[in-house]
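Engineer: turn this into a structure:
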Amino acid sequence: MSQTFESLGLAAELVRAVTEEGYTEPTPVQAESIPYILAGRDVLAGAQTGTGKTAGFTLPMLQLLSAQSIQGGRRAVRALVLTPTRELAAQVEESIRIYGRHLALRSTMIFGGVGMQPQVDALRRGVDIVVATPGRLLDHLGQKTIDLSRVEILVLDEADRMLDMGFIHDIRKVLAVLPRKRQNLLFSATFSDEIRTLAGRLLDNPAQVQVAPRNAESALVAQRIHPVDSSRKRALLAHLVGTGDWRQVLVFTRTKHGANRLAEQLCKDGIEAAAIHGNKSQGARTRALASFKAGELRVLVATDLAARGLDIEQLPHVVNYELPNVPEQYVHRIGRTGRAGVSGEAISFVATEEMDFLSDIEKLMRRALPREVVPGFEPSPAPQAVQAPRQAQLQRRQQVQHAQHRGGGERRQPGRGDAARHSPHPKSTQPRSATTADRGTPAREQQPRSNANAQFPSSGAVDRKYAKPDRPRRGGRGKVPALLGGTLRR
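Structural biologist: Modelled structure (predicted):
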C-alpha cells in the first residue's frame with residue numbers, strides 16, 4: 001500500500017501546498033526521512049539526485065518551526081540551511097517559500113556575488129529560516145548583522161560537495177557560534193568516507209536513510225559514450241543538436257574558459273547558447289538559467305559548479321563535453337536529467353586522452369558504459385599505434401650506433417677527402433690549451449682555429465691592437481689558475 005503525505009504526519013497546510021504542486025505520493029527518501037525529522041532525531045540521509053531530498057527536509061522543518069509559537073519581539077533565525085552553491089541556495093529557498101506559502105514563516109537567502117545590504121535589510125526585518133553559502137554567512141557573522149544563537153535546526157545540504165569545495169573550515173567556524181543543543185540534518189547525494197567522518201562528529205545518534213546503493217546513478221538516465229577526437233567535439237555537439245532537433249541541452253566542461261569558448265563557438269554556428277560558471281556575476285548566472293528554463297536558450301554550458309542545485313523540469317539531454325577528473329562528479333552531472341520520474345539521456349564525448357577518466361567512472365559505477373561511434377566522427381588511431389614504427393626505427397638506429405661504438409680497434413682517421421665530404425667544419429688537431437711554455441707566444445698564434453666544443457669555426461685570430469689587456473685579479477695577482485692549464489680560454 002502506497003504512502004501519502006497525510007500518513008507521514010504532515011500538517012494540513014503543508015499537504016495542501018504539496019498537492020497544489022502536483023505531488024500526491026512521497027518519494028522513498030521523503031517517506032523514510034520525514035518521520036525521523038518530525039520525531040526530533042538527527043538524520044544522515046543519502047539518495048540519488050532528483051529524488052526529492054530538498055522536500056525531504058523542508059517539509060518537516062517547516063512543520064516543526066510552525067508548531068512553536070513565536071514569542072514577542074522580532075523574529076529570530078531558528079533554522080539554518082547551508083548549501084555549497086548559490087544556485088542550490090536559491091532552489092532550496094524557493095522550495096521553502098512554495099511549501100510554506102500557507103504558514104506564517106519567513107525565509108531569506110544569503111550568498112556572495114550580490115550586494116550585502118539587501119540581505120542585511122531582510123535580516124533586520126526578521127526571518128525564521130536562512131539559506132546560505134558558508135562564505136557569505138561568515139561575512140555577516142563578522143559584521144554582526146546576523147544572530148545565530150537561537151538556531152534550533154541545522155541542515156547541511158549536499159554536504160559532500162561542500163567538502164569537495166574546501167568548505168570544511170568555514171563549516172567549523174559556523175558550528176562554533178551555534179547552540180550546542182539543536183537538531184542536525186545532513187543530506188547528500190553520495191556517502192563518501194569523509195561524509196561519514198563529518199557525520200560522526202556532528203550528529204548525535206542519527207537515523208540513517210539510504211534509499212539507493214552508494215554513489216549509484218539513476219535508472220531513468222540512459223547513458224552512452226561517443227568516442228571522438230578532442231578537436232572534433234564541438235562539431236559533433238552541433239551535429240547532434242541539429243540532427244536530433246534538441247531544444248534543451250545542458251553541457252558540462254571542465255574549465256571556465258572552456259565553457260566560455262564553447263558557448264561563443266556554438267553561437268557562431270547558429271545555436272543559442274550561454275555559459276554559466278563561478279566567474280560570472282550572479283545576475284548573469286540567474287538570467288542565463290532563466291532563459292534556459294524558458295526555452296530561449298537551446299544549450300547551457302556549465303562547469304561542475306552547476307552540477308548541484310540546477311533543478312530543471314524534464315531536462316531531456318545532458319552532455320559531458322569533457323569528462324570530470326573526479327568520478328563522483330559524473331554521477332552528479334548526469335543527475336540533472338532523469339528527475340521526478342521523467343527519463344532522460346546522458347551523453348559523454350570521450351577522447352583518447354580521457355580514457356583513464358572513463359575507466360575511473362566505470363569502476364565507480366561497477367559496469368562498462370555502452371560505446372557508440374557517430375558516423376563521420378570516427379576517432380583517430382591511438383597515438384601509440386602511430387608511433388610504434390618510429391620507435392622501432394629509433395631503437396634499430398641506437399643498436400647500430402652501440403655496435404659501432406663497441407667495435408674493436410681504433411677508428412679510421414678521416415682523410416682530407418672525407419672531411420670535405422662529411423664535415424663542413426673539421427675539428428682542429430691543435431691541443432685545447434697551451435702549456436706553460438706557450439705563455440710568451442703572441443696572441444695571434446695562441447688563438448685556436450676552431451671551437452672544439454661547439455664544432456663551429458672560430459671567428460679567427462684577434463689582432464693584438466683590438467685585444468683587451470688581461471686585467472689582474474683581486475689581490476693584485478695576474479696569474480691564471482693552474483687548473484686552466486696556465487692560459488685564459490676564450
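Engineer: break the protein into its domains for me.
Structural biologist: 12-210, 221-365, 437-490 (automatic domain parsing).
Engineer: these: which one's closest to P375?
Structural biologist: P375 lies closest, by Cβ to Cβ, to one member of the domains of the chain: domain 221-365, at 10.1 Å. Quick note: C-beta positions are derived from backbone N, CA and C, even for glycine.
Engineer: ok, of the domains of the chain, where does mean pLDDT dip lowest?
Structural biologist: Mean pLDDT per stretch puts domain 437-490 lowest among these, at a mean of 46.
Engineer: doesn't V130 lie inside a strand?
Structural biologist: Yes. Counting by DSSP: H, G, I helix; E, B strand; the rest coil, V130 is found in a strand.
Engineer: would you list every one of the strands in the stretch 151-300 of the chain?
Structural biologist: Taking DSSP state E, counting those that start in this stretch as the test, the strands found in the stretch 151-300 of the chain are 153-157, 183-188, 207-210, 221-227, 249-252, 273-276, 299-302.
Engineer: can you list the strands that the third one pairs with?
Structural biologist: The one in question is strand 207-210. Using DSSP bridges, strand 207-210 pairs in its sheet with strand 43-46 (parallel).
Engineer: heading C-terminal from the partner strand, find the next helix or strand.
Structural biologist: Sequence-wise, the next helix or strand downstream of strand 43-46 (DSSP states H and E) is helix 53-67.
Engineer: tell me what the helix or strand just after that following helix is packed against?
Structural biologist: Downstream of helix 53-67, the next assigned helix or strand under DSSP H and E is strand 79-82. In terms of contacts (3 or more Cβ pairs under 8 Å, 6 or more residues apart in numbering; DSSP states H and E), strand 79-82 is packed against helix 53-67, strand 129-132, strand 153-157, helix 168-176.
Engineer: same list, the domains of the chain, but as JSON lines with mean neighbour count and distance to E6 please.
Structural biologist: Shown next, in JSON lines, are the domains of the chain (neighbours: other Cβ atoms under 10 Å; distance: least, Cβ to Cβ, whole Å):
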{"stretch": "domain 12-210", "mean neighbour count": "18", "distance to E6": "6"}
{"stretch": "domain 221-365", "mean neighbour count": "19", "distance to E6": "21"}
{"stretch": "domain 437-490", "mean neighbour count": "11", "distance to E6": "91"}
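Engineer: looking at those, which is nearest to F5?
Structural biologist: Counting by Cβ to Cβ, and looking across all of the domains of the chain, nearest comes domain 12-210 at 4.9 Å.
Engineer: A351 is nearest to which of the strands of the stretch 151-300 of the chain?
Structural biologist: Of all the strands of the stretch 151-300 of the chain, it is strand 221-227 that lies closest to A351, at 7.8 Å by Cβ to Cβ.
Engineer: who touches the closest one?
Structural biologist: 217, 236, 318, 334-335, 337-338, 343-351, 358, 369-374, 377, 379 (Cβ atoms under 8 Å, 6 or more residues apart in numbering).
Engineer: before we move on, the earlier item: distance to S2 added to the domains of the chain, as TSV?
Structural biologist: Below are those laid out as TSV (distance: least, Cβ to Cβ, whole Å):
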stretch	distance to S2
domain 12-210	5
domain 221-365	14
domain 437-490	86
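Engineer: including distance to V127, could the strands of the stretch 151-300 of the chain go into TSV?
Structural biologist: Listed next are the strands of the stretch 151-300 of the chain as TSV, based on distance: least, Cβ to Cβ, whole Å:
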stretch	distance to V127
strand 153-157	14
strand 183-188	18
strand 207-210	28
strand 221-227	37
strand 249-252	32
strand 273-276	28
strand 299-302	30
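Engineer: which one of the ones you listed lies nearest to A132?
Structural biologist: Using Cβ to Cβ, the nearest of these to A132 is strand 153-157, at 10.7 Å.
Engineer: neighbouring strands for that closest one, and are they parallel or not?
Structural biologist: Here strand 153-157 has these sheet partners by DSSP bridges: strand 79-82 (parallel), strand 183-188 (parallel).
Engineer: for R86, find the nearest of the helices and strands packed on strand 79-82.
Structural biologist: R86 lies closest, by Cβ to Cβ, to one member of the helices and strands packed on strand 79-82: strand 129-132, at 10.1 Å.
Engineer: can you show me the CA trace of stretch 240-252 as PDB?
Structural biologist: Extracted in PDB, the C-alpha atoms of stretch 240-252 (Å, rounded to 0.1, in the frame of the first residue of the first chain):
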ATOM      1  CA  LEU A 240      23.700  16.100 -32.600                       C
ATOM      2  CA  VAL A 241      21.800  19.300 -31.600                       C
ATOM      3  CA  GLY A 242      20.900  19.900 -35.200                       C
ATOM      4  CA  THR A 243      20.100  16.500 -36.500                       C
ATOM      5  CA  GLY A 244      18.200  15.500 -33.300                       C
ATOM      6  CA  ASP A 245      16.400  18.800 -33.000                       C
ATOM      7  CA  TRP A 246      17.500  19.100 -29.400                       C
ATOM      8  CA  ARG A 247      15.700  22.100 -27.800                       C
ATOM      9  CA  GLN A 248      17.200  21.900 -24.300                       C
ATOM     10  CA  VAL A 249      20.800  20.600 -23.600                       C
ATOM     11  CA  LEU A 250      22.900  21.000 -20.600                       C
ATOM     12  CA  VAL A 251      26.600  20.700 -21.500                       C
ATOM     13  CA  PHE A 252      29.400  20.300 -18.900                       C
END
